[in-house]
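> give me coordinates for this.
(chains A and B)
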There are 2 protein chains.
Amino acid sequence: MKTLTIKQLLQKDSTLQDVKVQGWVRTRRDLKSQSFVELNDGSCRQNLQLVIDNSNPSFEKILPDLVNGAAIYAEGDLIISPAKGQKYELSVKKMELYGPSSQETYPIQKKKTSDEFLRTVAHLRARTNKYSSMLRIRSELSFAIHKYFRDNGFFYVHTPIITASDCEGAGRMFNVTTFDTSKPMEFPLTKDKTTDFSKDLFGKKTFLTVSGQLEGETMALSLGKIYTFGPTFRAENSNTYRHAAEFWMIEPEIAFYDIYDDMDLAEDFVKKITSHVREHCASDIELFSKFLDKDLPSTLSNIIDNSYERLAYTDAVSILEKENSRFEAKVSWGVDLASEHERFLTEIYFKKPVIMYNKPKNVAAFYMKLNDDGKTVRGMDLLVPRIGELIGGSERENRLDVLEKKMDDFKMNKEAYWWYLDLRRFGSVPHAGFGLGFERMMMLITGISNIRDVCCYPRVPGYAEF
Amino acid sequence: MKTLTIKQLLQKDSTLQDVKVQGWVRTRRDLKSQSFVELNDGSCRQNLQLVIDNSNPSFEKILPDLVNGAAIYAEGDLIISPAKGQKYELSVKKMELYGPSSQETYPIQKKKTSDEFLRTVAHLRARTNKYSSMLRIRSELSFAIHKYFRDNGFFYVHTPIITASDCEGAGRMFNVTTFDTSKPMEFPLTKDKTTDFSKDLFGKKTFLTVSGQLEGETMALSLGKIYTFGPTFRAENSNTYRHAAEFWMIEPEIAFYDIYDDMDLAEDFVKKITSHVREHCASDIELFSKFLDKDLPSTLSNIIDNSYERLAYTDAVSILEKENSRFEAKVSWGVDLASEHERFLTEIYFKKPVIMYNKPKNVAAFYMKLNDDGKTVRGMDLLVPRIGELIGGSERENRLDVLEKKMDDFKMNKEAYWWYLDLRRFGSVPHAGFGLGFERMMMLITGISNIRDVCCYPRVPGYAEF
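Sure, this is the predicted structure:
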């Protein structure tokens, strides 16, 4: 007798004799002659109802143990359920307890379901409907991303996590060392009283990556189309609903692409992966539509069915300037748009996803390609309702002289980027790419409003538990 | 006219007029009236041969630029090639140079192809046959792994990279901090002159993960079947051909599995992903069979076609003791087997993959389930020819009292693992899992003998370049 998952059982075309299931008890109800147990094994959102003849003496000993959180296995016949809302139930013939629980001390109780509380028991929150659905969606979204890129001729590359270079020239990186950070007095020092990194494992100061883009560019200029999908880090003290210190990022990079190809790819990619998840996780998505966010179906349709507005930054400013009375931060040409402006454009003005491009060079990263106007660069942001910026990308500066000048302007150490500059010395081509924050995509697809609740174990300021 | 990749063109059923390709020049040969350029775009191992009428004045200017490493696009007709070894070639009508190269300074030269040299130009080595094939295999192997688990009802979870706990109780972890590691004199200190981590971003001392297993167990005891696939780190000064400081690991964890289920899964998994890659990367694998390792086809057949030996540690010792004259380290019951012993078993004695299980508890991790004999634990290692240990796994100790005693024996801080122990307090079930080092799997599949050469950018002692 093979054990089947509840998902497998509920997909059966017909009833079955002598099946075996295993899982965790969610609830038990006792009637006069029968007890009903809702069993969940994580394979799907649905529970399997176990129907137990509680007058049967062989169940006498186990019945009191069938409380929320207990792990059991059960054998019996899968029969048509007379109850509403479920196709089958299990008429139990035999049961065994794997591990008990406790009605008093089991942390996951019906009454204590606030997100804040569940974060403190994140090791068990995946046993709730909400978080198990979230995690199944997270898994399927990951697969959708890999599948999309593979279907379109991209190669997955693993760019390094520990790095000696800082992609964006900013100082918001975690430091990594083998020296015991508890005992700074014992760090080996050079004559000038700074750390002697020649004695560290890598022989130099190292950090956690903030982006795999620069390394990704090297791979795109060999393999053509590549993407990364890995963890990235920001050592920023940002305590907001949408910032985490550790998050996963997807960064495609494509040789021979310009900014317009890049925008087309971003639109197609977001549509296809959203559509994939809506189809393959219909039941888990339904949970969020029903209990968390009634507008989720229309949010997803908005993402999947609309064609995304292409909006030059200069045109965005024209629109926003007229609405300045709405905004805390007033808009004029040259400012870096804030979340309130981005959300106005996508949620209120266009009511659909917007790809804003050609931003001013003074608010752009050093690697974005300068336009002929000398004022704007070929950067783009995909703005979506609820989230604001979902994707940021650009065509990359592929002219050696222009890039070197830009790096000087940014006061960057060009010697450290000799290999990045080599890409412009030898066989330089137009190329472009973008970055998608995986957790932001999860927030968009589930309607979950805090980034802490779309991770297994969030890493945010003051919090590295589990 | 749509641009096609060389892979797409070579798969065409018939010749085509007016196609456009883009890529990097590998070589050019000039004959009297024709020049031949081998063009590669990274989409596949094969080059496309461009045939250029060099008497055509419109090509006069560009021809000298068509040297190794230059990036071009070309338009023309895809015609049947009269040359051997290629189906089609491109009769060029129009060409344009994207980015030049230099015959003198371009680092990737036919003569300088040692692995050691190519590591120093790892940003360009993906433009060689060997490394582009390796990277395409790496991508497809990753996909095969995701596909295998999804097809078998597993969910992909992203366990944290930054952690405050040390899975194996060992001190080989990288430290992570926002304090400037260059300036240890400026770290905030407590009264006892150790670092005041309450002022660090997470409020406590943090590390890079060495394994996602413990967090993975929490997810398996909710979702049933899960796996991780992410980077892990070892701050060890191991300068060997098979150790890296940063590597990717795959760790499935399955509720309701015992050690025998775990071994069956490991065997099936390794067979299926190897078989997937052999099928989908036939041409890239062929490159390694031809030029690097003539035995690769039989190595892969050995992995795919054999049934893997199940060998209890005690029986392994019986076999090895008789061969002690061969070994540097002599074998007797209780010792931790070394690579020489493992390779003897799999390469010479059984000549096929071997799964060794039930190892002595004194050489096993704290979380492995104690057998009833009180001496051995339900750990297992998959040993394969050339690599030795490819996979290590175990059934996990699911009895609270036994686990707590084990943690005391290991002098671990049980309070820090309250959440891990909770899994044994509430709904504990038999469960098991294993870890596969992704780079070791890559070495097995390609025959590449140094872990530095199966990564985009290796991270090993003394080396964190790019």
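
> remind me which helix or strand residue A:96 belongs to.
Take DSSP states H and E as the rule and residue A:96 turns out to sit in strand A:88-99.

> buried residues in the helix or strand just after that strand, which are they?
Next in sequence after strand A:88-99, counting helices and strands by DSSP H and E, comes helix A:115-120. The neighbour-count check on helix A:115-120 (16 or more other Cβ atoms under 10 Å in any protein chain shown) flags A:118, A:119 as buried. Any C-beta I mention is one placed from the backbone N, CA and C, and that applies to glycine too.

> tell me if helix A:115-120 is near chain B.
No: between helix A:115-120 and chain B, judged by Cβ under 8 Å from any Cβ of the partner chain, nothing touches; the nearest distance is 10.0 Å.

> name the residues that touch that helix?
Helix A:115-120 has contacts (Cβ atoms under 8 Å, 6 or more residues apart in numbering or on different chains) with A:112, A:125, A:128, A:131, A:450, A:452, A:453, A:458.

> can you do 10 Å?
A:107-109, A:111-112, A:114, A:124-126, A:128, A:130-131, A:448-450, A:452-453, A:455, A:457-458, A:460, A:463, A:465 (Cβ atoms under 10 Å, 6 or more residues apart in numbering or on different chains).

> near chain B, list only the ones from those residues.
A:107-108, A:124-126, A:128, A:131, A:455, A:457-458, A:460, A:463, A:465 (Cβ under 10 Å from any Cβ of the partner chain).

> buried sites along the strand holding residue A:96?
Result for strand A:88-99 [16+ other Cβ under 10 Å]: buried residues A:88, A:89, A:90, A:91, A:92, A:93, A:95, A:97, A:98, A:99.

> and stretch A:342-353, by the same measure?
So stretch A:342-353, judged by 16+ other Cβ under 10 Å, has buried residues A:342, A:343, A:344, A:345, A:346, A:347, A:349, A:350, A:352, A:353.

> start and end of that stretch, how far apart?
By Cα to Cα, to the nearest Å, the extent of stretch A:342-353 from end to end equals 10 Å.

> coming back round to it: residue B:282: which of the ones next to chain B among the contacts of helix A:115-120 is nearest?
Each of these was checked against residue B:282 using Cβ to Cβ; the closest is residue A:455, at 38.9 Å.

> wait, the closest one touches residue A:134, no?
Yes: shown here, residue A:455 and residue A:134 form a contact pair, counting by Cβ atoms under 10 Å, at 9.3 Å.

> which neighbours do the two have in common?
With Cβ under 10 Å, 6+ apart, residue A:455 and residue A:134 have common neighbours residue A:442.

> can you check the pLDDT for residue A:112?
Reported pLDDT at residue A:112 in the predicted model: 80.

> that one - nearest residue in space that isn't next to it in sequence?
residue A:118 (7.9 Å; Cβ to Cβ, 6 or more residues apart in numbering or on different chains).

> check residue A:393 too.
Closest residue to residue A:393 apart from its sequence neighbours, by Cβ to Cβ, 6+ apart: residue A:434 at 2.5 Å.

> C-terminal to the helix or strand hosting residue A:380, what's the next element?
Using DSSP H and E, residue A:380 sits within strand A:376-384. Next in sequence after strand A:376-384, counting helices and strands by DSSP H and E, comes strand A:388-395.

> which neighbouring elements make contact with that next one?
Where contact means 3 or more Cβ pairs under 10 Å, 6 or more residues apart in numbering or on different chains; DSSP states H and E, strand A:388-395 is packed against strand A:246-255, helix A:259-280, helix A:339-343, strand A:354-360, strand A:376-384, strand A:431-437, helix A:438-446.

> so which elements touch the third one?
Using 3+ Cβ pairs under 10 Å, 6+ apart, the elements in contact with helix A:339-343 are helix A:313-321, strand A:354-360, strand A:376-384, strand A:388-395.

> quick one: the helices in chain A, in order.
Listed in chain order, the helices of chain A (DSSP state H) span A:6-10, A:115-120, A:129-151, A:213-223, A:259-280, A:282-291, A:296-305, A:313-321, A:339-343, A:400-409, A:418-425, A:438-446.

> and the contacts of the first one?
I take that to be helix A:6-10. A:2, A:4, A:16, A:19, A:21-23, A:39-48, A:78, A:86-88, A:90, A:136, A:283, B:153, B:224.

> among those residues, which are located in strands?
Counting by DSSP state E, the part of the contacts of helix A:6-10 found in strands is A:16, A:19, A:21, A:22, A:23, A:39, A:40, A:48, A:78, A:88, A:90.

> which residues does the fifth one contact?
It refers to residue A:23. A:5-6, A:37-43, A:47-48, A:50, A:70-74, A:98, B:224, B:255-256, B:427, B:429.

> kindly recompute the last result at 7 Å.
For residue A:23, the contacting residues are A:6, A:39, A:40, A:41, by Cβ atoms under 7 Å, 6 or more residues apart in numbering or on different chains.

> which of those residues lies closest to chain B?
residue A:41 (5.1 Å; Cβ to the nearest Cβ).

> now do residue A:378 against residue B:453, distance only.
Applying Cβ to Cβ, to the nearest Å, the value for residue A:378 to residue B:453 is 36 Å.

> over to residue A:275?
Taken as Cβ to Cβ, the span from residue A:275 to residue B:453 is 39 Å.

> the more surrounded of the two?
The neighbour comparison of residue A:275 against residue B:453 (other Cβ atoms under 10 Å in any protein chain shown) goes to residue B:453, with 22 against 16.
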